[in-house]
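J.: My questions are about this predicted structure, shown below with the sequence.
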Amino acid sequence: MHARTQLAIMSHNSGIDRKQAVSKKKEPLIKMQYSKVTGQWVAKKVMEPKDMKFLQEIIDEIPQVNNRKEENNRLENIPKNIALAPNPGKEVILARQVSRFSKSI
């Protein structure tokens, strides 16, 4: 449990100062996600990937890694999302999205 907590802290710290990812057209990336709390579609920022260099250093220190194959059969029946309503579209979601810090994302 202690090691798991340390890994979580290291993972968090590796991504603390990430910026919002941008597209090839230099526009900020936004993903549409269904919120179970509100029951509506919301817009979320897509962040740059975390720098996980520390993981390779840890793996290199392990003398022998157990290379078990995971069974992917269980994952085939999982739906892509749990939305009860269809995605209304990016423009509609962004129009109604209001932050307490700014008017829009």
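T.: Yes, it's here.

J.: for the helix or strand of the chain with the lowest mean pLDDT, packing partners?
T.: The weakest-scoring helix or strand in the chain, judged by mean pLDDT, DSSP states H and E, is helix 53-61 (a mean of 81). Helix 53-61 is packed against helix 2-14, with contacts defined by 3 or more Cβ pairs under 8 Å, 6 or more residues apart in numbering; DSSP states H and E. To be clear about C-beta, it is placed using only N, CA and C from the backbone, and glycine gets the same treatment.

J.: Surely residue 85 touches residue 39?
T.: Yes. Counting by Cβ atoms under 8 Å, residue 39 is a contact partner of residue 85 at 7.4 Å.

J.: Check the offset of the least confident helix or strand of the chain from the chain's centre.
T.: How far helix 53-61 lies from its chain's middle: 22 Å, per Cα atoms, centre = their mean, to the nearest Å.

J.: next helix or strand past that helix?
T.: helix 90-96 (DSSP states H and E).

J.: now that next one: mean pLDDT?
T.: On average, the pLDDT along helix 90-96 is 87.

J.: For it, list every residue counted as buried.
T.: For helix 90-96, a neighbour-count test (16 or more other Cβ atoms under 10 Å) marks residue 93 as buried.

J.: Using CSV, list the CA coordinates for that helix.
T.: The C-alpha coordinates for helix 90-96 follow below in CSV (Å, rounded to 0.1, in the frame of the first residue of the first chain):
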residue,chain,number,x,y,z
LYS,A,90,-19.5,20.3,-29.4
GLU,A,91,-21.0,23.7,-30.2
VAL,A,92,-24.1,23.1,-28.0
ILE,A,93,-22.0,21.9,-25.1
LEU,A,94,-19.6,24.7,-25.2
ALA,A,95,-22.4,27.3,-25.5
ARG,A,96,-23.9,26.2,-22.2
